[in-house]
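> Requesting a structural model of the entry that follows:
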Amino acid sequence: MAKAHTNEASDVRENILAVGQRIMSGKGFSAVGLNEILVAASVPKGSFYHYFGSKDAFGEALLDSYFAAYLAEMDTVLGQPGFSVAQRLVQYFDSWQANQSFADCQGKCLAVKLAAEVADLSEAMRLALDQGTAGIITRLTAALEAGVADGSLAIDGSAAHVAATLYQQWLGASVMVKIVRGTAPFDAALAVTRQLLHLHH
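I've put the predicted structure just below:
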């Protein structure tokens, strides 16, 4: 009986996070009140405070949950059998472009949406972003090292430096597509990525 109760509690918490992620990916953190999330999630205010001590604590949990799912998905893409590392990396950036749509990202562009806003609002949320993005760069670094080892790509300089450069390039492109309302920044980012990895086909 206790196990069923635990699962039910976990479901309520995950539902609040999922609804919050979808709404905040569209509107940002500050513009969304707790009531909007609670109504959309069909959860009373008391339940919210049972799981999250404050809106900032909710934001931190939201980012932790987002990055956990993102990194798991990244591991799947970068671990696909039957492809060279270079092909897996191109597939990863293709999926980045698909998920960071300027029209409707369905909650998949949370980090891009919130990064500049919450980094100055909350140290806890800034640290969650820092930890999550560091996880992405660490995985890109490992993939670049593996790509050099299997001969499918080549890089100038350290894998860690190139990985950070790639991430910053794509993060900037994700912001720019929202400004220009078109995919040209992603096309440019992919072209630079191919240059950095010496992919000529």
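> Mind giving me the packing neighbours of the lengthiest helix in the chain?
For the chain, the longest helix by residue count, based on DSSP state H, is helix 123-150. For helix 123-150, the contact count by 3 or more Cβ pairs under 8 Å, 6 or more residues apart in numbering; DSSP states H and E identifies helix 55-78, helix 85-99, helix 110-119, helix 159-180 as packing neighbours. Heads up, the C-betas are built off the backbone N, CA and C, glycines and all.
> in the protein, which segments are predicted with low confidence?
1-6, 8-9, 101-108, 201 (pLDDT under 70).
> Now distance to residue 17 too, for the helices and strands packed on helix 123-150, in JSON lines please.
As requested, those are exported to JSON lines (distance: least, Cβ to Cβ, whole Å):
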{"stretch": "helix 55-78", "distance to residue 17": "5"}
{"stretch": "helix 85-99", "distance to residue 17": "18"}
{"stretch": "helix 110-119", "distance to residue 17": "11"}
{"stretch": "helix 159-180", "distance to residue 17": "22"}
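> and residue 32, which of the three is it?
coil (DSSP: H, G, I helix; E, B strand; the rest coil).
> give me the number of residues near it?
When neighbours are counted by other Cβ atoms under 10 Å, residue 32 registers 16.
> and if you look at residue 173?
Neighbours around residue 173, by other Cβ under 10 Å: 24.
> so what's it up against?
For residue 173, the contact set (Cβ atoms under 8 Å, 6 or more residues apart in numbering) comprises 185, 186, 188, 189.
> Reformat those residues as TSV; add secondary structure and neighbour count.
As requested, these are exported to TSV (DSSP: H, G, I helix; E, B strand; the rest coil; neighbours: other Cβ atoms under 10 Å):
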residue	secondary structure	neighbour count
185	helix	21
186	helix	22
188	helix	14
189	helix	23
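> farthest-separated two in these?
Among those, the pair separated by the greatest distance (Cβ to Cβ) is 186 and 188, at 7.2 Å.
> Can you verify my assumption that residue 159 contacts residue 139?
No - counting by Cβ atoms under 8 Å, residue 159 does not reach residue 139; the two are 11.2 Å apart.
> surely residue 177 meets residue 189?
No - the criterion here is Cβ under 8 Å, and residue 177 misses it with residue 189 at 9.5 Å.
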